[in-house]
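S.K.: from the sequence below, what's the structure:
(chains A and B)
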There are 2 protein chains.
Amino acid sequence: MKTTIFAFTDSSPKYKQIYEQFKLLIEQGDIKVDEPLPSIRHLAQSLQVSRNTTLMAYEQLVAEGYIRGEGRVGFFVNEVEPLCFQEGRNSSHHEPIEPLSPVHIDFRADVVDQSHFPLQTWRRISNQVLTGKDSFRYGEPFGELCLREQISEYLLQSRGVRTDPHAIIIGSSTQQLLVYLGLVLKHDFSGMIVEDPGYDGAREAFQLNSFTLETLPVYETGADFSHLEHLKSRLIYVAPSHHSPYGVSMPIQQRHALIHWANKMQGYIIEDDYDSEFRYTQQPFPALASIDATRVIYLGNFSKCFLPGIRLSYMVLPQSLIDRYKNQFAHFESTTSLLSQFAMAKFMEAGEWNRHIKRMRLVYKRKMQCLVSELRRYFERDVSIIGEQSGLYLLVKVHLDRSEEWLIEQASIQGVRVYPTSRFFMKNRTDQPIIKIGFSNLSIEEIQFGVKLLKEAWS
Amino acid sequence: MKTTIFAFTDSSPKYKQIYEQFKLLIEQGDIKVDEPLPSIRHLAQSLQVSRNTTLMAYEQLVAEGYIRGEGRVGFFVNEVEPLCFQEGRNSSHHEPIEPLSPVHIDFRADVVDQSHFPLQTWRRISNQVLTGKDSFRYGEPFGELCLREQISEYLLQSRGVRTDPHAIIIGSSTQQLLVYLGLVLKHDFSGMIVEDPGYDGAREAFQLNSFTLETLPVYETGADFSHLEHLKSRLIYVAPSHHSPYGVSMPIQQRHALIHWANKMQGYIIEDDYDSEFRYTQQPFPALASIDATRVIYLGNFSKCFLPGIRLSYMVLPQSLIDRYKNQFAHFESTTSLLSQFAMAKFMEAGEWNRHIKRMRLVYKRKMQCLVSELRRYFERDVSIIGEQSGLYLLVKVHLDRSEEWLIEQASIQGVRVYPTSRFFMKNRTDQPIIKIGFSNLSIEEIQFGVKLLKEAWS
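M.R.: Residues are numbered from 1 along each chain as shown, chains lettered A, B, ... in the order given. Below is the predicted model of the structure:
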């Protein structure tokens, strides 16, 4: 590493500026893979900051996979997937691919990229786990402590959420956790506010527990809070980082307003942070649970960012609910594979998890950019693109005076599968149909070919 | 194989007599490992029975792991763990083991034997599964079809339960399935009959869904049905194969009476067949679902007979509930690891599952015999042994005028952990305390040493 001169340029926290500088240097290749970084002490001295400041910057870089700590030896730069989208696209741009077999491009959003999955590492860890004496029992009812500790550390680094591992409940899916949570909350609450449109799976989990639903209208630009004060329910379920399906993030003012509302109403906010890992255009907004966790139930999972089939989700309970929840489910068996929990804990502990997230963020960013640019190229003003800043899918609002059914069926005839969004909507319907297009397990070439076919289908 | 003359000796089905004869020949070593059996056709001719009869006999032997089919080549004898308990015990009988380290013998029942786990096979299959394209998606909401097909085949062979794979729901635990089932049943039913004593975990699952509980008294000798007709509830939860905790099996007359009751009441029987695989002294009684499945919800799981931490359970719904259940949970994600489901399906398909069950039945039988004989030797008439015919634990009723707490605490001081049963009882309490003693993951030597310490503790 060459000598680099830092200048603190703005009023943002110094650790953040150090972190930004190093991130840039690594991304630009100015610091090479496996090169050591200055020691925490040395860097602190030369920048005239406390060691705590440099430590925080390094921890953020570790959390995001840019660097790794190797005990007392120091910190080293990780391999980072280059952002090679432009080259990738150009190389195949003038030679459209003609597939040999009957085409089927499936723009599903409920899968993850398979080609970058850390197969060898995961296998090695999973095989190790099977020989442990502890692997032949039932698991702890609320999840293994080793995994809860890793999640707690990760939440602090990545989402600013400060939590005790004992406040974390491991479950098998968001819906299963919402059903169990509902069985606790229904003693004190009868109504629930949900976003419209919003995640139908959560809505159904609440309906199973006979909650009366009220709605918070959400538009492409964000939620409308104007009627919140007039609603009766004291519980609200929201996805502030990445609204489902619009993908919009809740601005900080609304986050504060929501927390204020929950405190005033003595209610709870259920914050579903289901794919906060994949944001491409800006820093993620802080989680509600990082602002004030007193009345926030925070939900996260490993489906989008690791493997949906592993069935590993978690919920962070506020202090006021921990005892009540644990008493009610004291004699319940865990709903999540003990082996998967051990493997994930080891995977996270070894730093593999952060490396994976960092790698996948770049992989998905490249795919998202490709999808957006192809849609713009083929459809120009016939579609509006919604939610391309984050997540594993985007939406297109199609201005062709066709129904959702027609659009999906025509695509299907051309061998392309795209998905409806009508199931997310309750009363707050849109004027034009909106189609959901996922890309996570498609290659750049498949995305390009799929959009071409979609153009033919909808012409 | 030498020429063997069969004689049909009684009025039981001929396939059963053929199956019994071959089982005996294999267990006695009259047919050796890897020796071929007569072909289905040849055997049918020489015994003057239909080919279907010989096929059924062979299929039962395959299901229980005695033999294996190798496609068109025919059927061959598997290796069967010899019943070497007597030798094993005698060899260490006169040389009591003095452990080098501080003792801790844990008679827990919530683990499985680790030393006979098919580690290599399971690893190989699990590793294969990870490369499948299908492994990178969410799973089917009600479980993967491949696993449901294997379970359907297994239930027919082993429990006589005839079921369509589409009637099977895969879940992560009995309790999770009972909670979900309760969310469906509560629309039409408000009360539930549970056994007293009985599995507290099920009771709690029903209470979460606000069912009113009524009780069916159960004694060491079996259930008392005399008041069943006077109860109001039309739902009943029972474990007829192996009552929890008494271990008693429900006689066929009571099974028929229960089915009659359910049909008359237009209610449902929830049959928890949680460890029917491990019965040591006689043929298992038929499952309720094998007699008349119209009003039976059948529950099974892989916790006792494979690995508790894998979190793999299943429920077979009667025709009248399938659509209702599936509609209610249509958009719910599966609660069970997709990878575990694929691995278990392959494991079963390869015949490894039946081999494993067969092997473990002998391993556990040997441990159970050792535990019983040691308890009799040390305690003579001071304890009554309950439920030694099946399962992975037994109960001892202790006639020493001491409380459950005292017995557990004194054992603990000697470095032995044994377990209470009071949590299973509601109103139908016993005069003397009953202690639960599991053995599944202890060696013969550990069992012997543990009972010796228990004697010291309780003297």
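S.K.: going by C-alpha atoms from here, please, whenever you check contacts or count neighbours.
M.R.: Will do.
S.K.: remind me, longest strand of chain A?
M.R.: Secondary structure assigned by DSSP state E gives strand A:212-219 as the longest strand of chain A.
S.K.: same for it, what does it pack against?
M.R.: strand A:191-196 (3 or more Cα pairs under 8 Å, 6 or more residues apart in numbering or on different chains; DSSP states H and E).
S.K.: show me what the strand it packs on is packed against.
M.R.: By 3+ Cα pairs under 8 Å, 6+ apart, strand A:191-196 packs against strand A:212-219, strand A:235-238.
S.K.: off-centre distance for it?
M.R.: 21 Å (Cα atoms, centre = their mean, to the nearest Å).
S.K.: just the mean pLDDT for the very next helix or strand once past that strand, thanks.
M.R.: Once the chain leaves strand A:191-196, the next helix or strand it forms, by DSSP states H and E, is helix A:200-208. Averaging pLDDT along helix A:200-208 gives 96.
S.K.: neighbouring strands - and their directions - for the longest strand of chain A?
M.R.: Applying DSSP bridges, strand A:212-219 is found paired with strand A:191-196 (parallel), strand A:222-223 (antiparallel).
S.K.: CA atoms only for it, dumped as CSV, please.
M.R.: Output of strand A:212-219 as CSV, limited to C-alpha atoms (Å, rounded to 0.1, in the frame of the first residue of the first chain):
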residue,chain,number,x,y,z
THR,A,212,-58.5,-7.1,12.3
LEU,A,213,-56.6,-5.4,9.5
GLU,A,214,-56.3,-1.7,8.8
THR,A,215,-54.2,-0.4,5.9
LEU,A,216,-51.5,2.2,5.4
PRO,A,217,-51.5,3.3,1.8
VAL,A,218,-48.1,3.0,0.0
TYR,A,219,-47.2,4.5,-3.4
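S.K.: report the angle between that strand and helix A:200-208.
M.R.: Here the directions of strand A:212-219 and helix A:200-208 differ by 160 degrees (axes from the mean of the first three to the mean of the last three Cα atoms, to 10 degrees).
S.K.: okay, buried residues for strand A:212-219 please.
M.R.: A:213-219 (16 or more other Cα atoms under 10 Å in any protein chain shown).
S.K.: which residue ranges make up the domains of chain A?
M.R.: Following automatic domain parsing, chain A resolves into domains at A:14-99, A:106-115+A:360-458, A:119-354.
S.K.: weakest of those domains by average pLDDT?
M.R.: domain A:14-99 - the lowest mean pLDDT of the domains of chain A, at a mean of 70.
S.K.: measure the residue nearest the centre of chain A to B:V418 for me?
M.R.: What sits nearest the mean C-alpha location of chain A, by Cα atoms, centre = their mean, is A:D275, with 1.4 Å. Look at A:D275 and B:V418: by Cα to Cα, to the nearest Å, they are 45 Å apart.
S.K.: quick one: end-to-end length of stretch A:127-143, please.
M.R.: 20 Å.
S.K.: likewise stretch A:148-168?
M.R.: For stretch A:148-168, the first-to-last residue distance is 6 Å (Cα to Cα).
S.K.: and A:I18, that's in a strand?
M.R.: No - using DSSP: H, G, I helix; E, B strand; the rest coil, the assignment for A:I18 is helix, not a strand.
S.K.: pretty sure it is touching A:M56, no?
M.R.: No - using Cα atoms under 8 Å, A:I18 is not in contact with A:M56; the gap is 9.3 Å.
S.K.: quick one: the strands in the stretch 351-459 of chain A?
M.R.: Counting by DSSP state E, counting those that start in this stretch, the stretch 351-459 of chain A has strands at residues A:383-386, A:393-398, A:416-417, A:419-420, A:434-438.
S.K.: one step back: CSV for the domains of chain A, including distance to B:C305?
M.R.: Formatted as CSV, those follow (distance: least, Cα to Cα, whole Å):
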stretch, distance to B:C305
domain A:14-99, 40
domain A:106-115+A:360-458, 32
domain A:119-354, 11
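S.K.: before we move on, back to that, would you turn the strands of the stretch 351-459 of chain A into CSV with distance to B:R255 and mean neighbour count?
M.R.: Output for these, formatted as CSV (distance: least, Cα to Cα, whole Å; neighbours: other Cα atoms under 10 Å in any protein chain shown):
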stretch, distance to B:R255, mean neighbour count
strand A:383-386, 60, 18
strand A:393-398, 54, 22
strand A:416-417, 51, 21
strand A:419-420, 49, 18
strand A:434-438, 52, 23
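S.K.: hmm, stretch A:275-283 in reach of chain B?
M.R.: No - with Cα under 8 Å from any Cα of the partner chain as the criterion, chain B is not reached by stretch A:275-283; the gap is at least 14.9 Å.
S.K.: gap between that stretch and the chain center?
M.R.: 7 Å.
S.K.: name the residues that touch it?
M.R.: Applying Cα atoms under 8 Å, 6 or more residues apart in numbering or on different chains, the contact partners of stretch A:275-283 are A:241-242, A:284, A:300-301, A:304-305, A:357, A:361, A:364-365, A:389-392.
S.K.: tell me the buried residues in it?
M.R.: A:275-280.
S.K.: and of those residues, the nearest to B:I434?
M.R.: Distances from B:I434 to the buried residues of stretch A:275-283, taken as Cα to Cα, are shortest for A:D275 (50.3 Å).
S.K.: quick one: that closest one from A:P284, how far?
M.R.: A:D275 is 11 Å from A:P284, by Cα to Cα.
S.K.: so what sits against both of those two?
M.R.: Taking Cα under 8 Å, 6+ apart as the contact definition, A:D275 and A:P284 share the neighbouring residues A:S241.
S.K.: picking that back up, out of the helices and strands packed on strand A:191-196, nearest to A:S226?
M.R.: Using Cα to Cα, the nearest of the helices and strands packed on strand A:191-196 to A:S226 is strand A:212-219, at 9.1 Å.
S.K.: which residues are in contact with that closest one?
M.R.: A:190-197, A:207, A:223-225, A:227-228, A:231, A:233, A:246, A:428.
S.K.: and the residues you listed, which of them are buried?
M.R.: Listed as buried from these are A:190-197, A:207, A:223, A:228, A:233, A:246; burial here means 16+ other Cα under 10 Å.
S.K.: chain B: which of those residues is nearest?
M.R.: A:Q207 (9.8 Å; Cα to the nearest Cα).
S.K.: got the residues of the stretch 301-450 of chain A near chain B?
M.R.: So far as Cα under 8 Å from any Cα goes, the stretch 301-450 of chain A lies against chain B at A:303, A:307-311, A:328, A:331-339.
S.K.: ok, now which ones touch A:K397?
M.R.: Contact analysis of A:K397 by Cα under 8 Å, 6+ apart lists A:383-386, A:432-435.
S.K.: cutoff 6 Å now
M.R.: A:383-384, A:433-434 (Cα atoms under 6 Å, 6 or more residues apart in numbering or on different chains).
S.K.: could you list the buried residues of the longest helix seen in chain A?
M.R.: The longest helix of chain A (DSSP state H) is helix A:352-379. For helix A:352-379, burial by neighbour count (16+ other Cα under 10 Å) applies to A:352-372, A:374-376, A:379.
S.K.: if I take it and strand A:434-438, what angle do their directions form?
M.R.: Going by the same axes, to 10 degrees, helix A:352-379 makes 130 degrees with strand A:434-438.
S.K.: ok now helix A:352-379, how far from the chain's centre?
M.R.: Mean C-alpha position of helix A:352-379 versus that of the full chain (Cα atoms, centre = their mean) differs by 13 Å.
S.K.: by contact count, what packs against it?
M.R.: Using 3 or more Cα pairs under 6 Å, 6 or more residues apart in numbering or on different chains; DSSP states H and E, no helix or strand is in contact with helix A:352-379.
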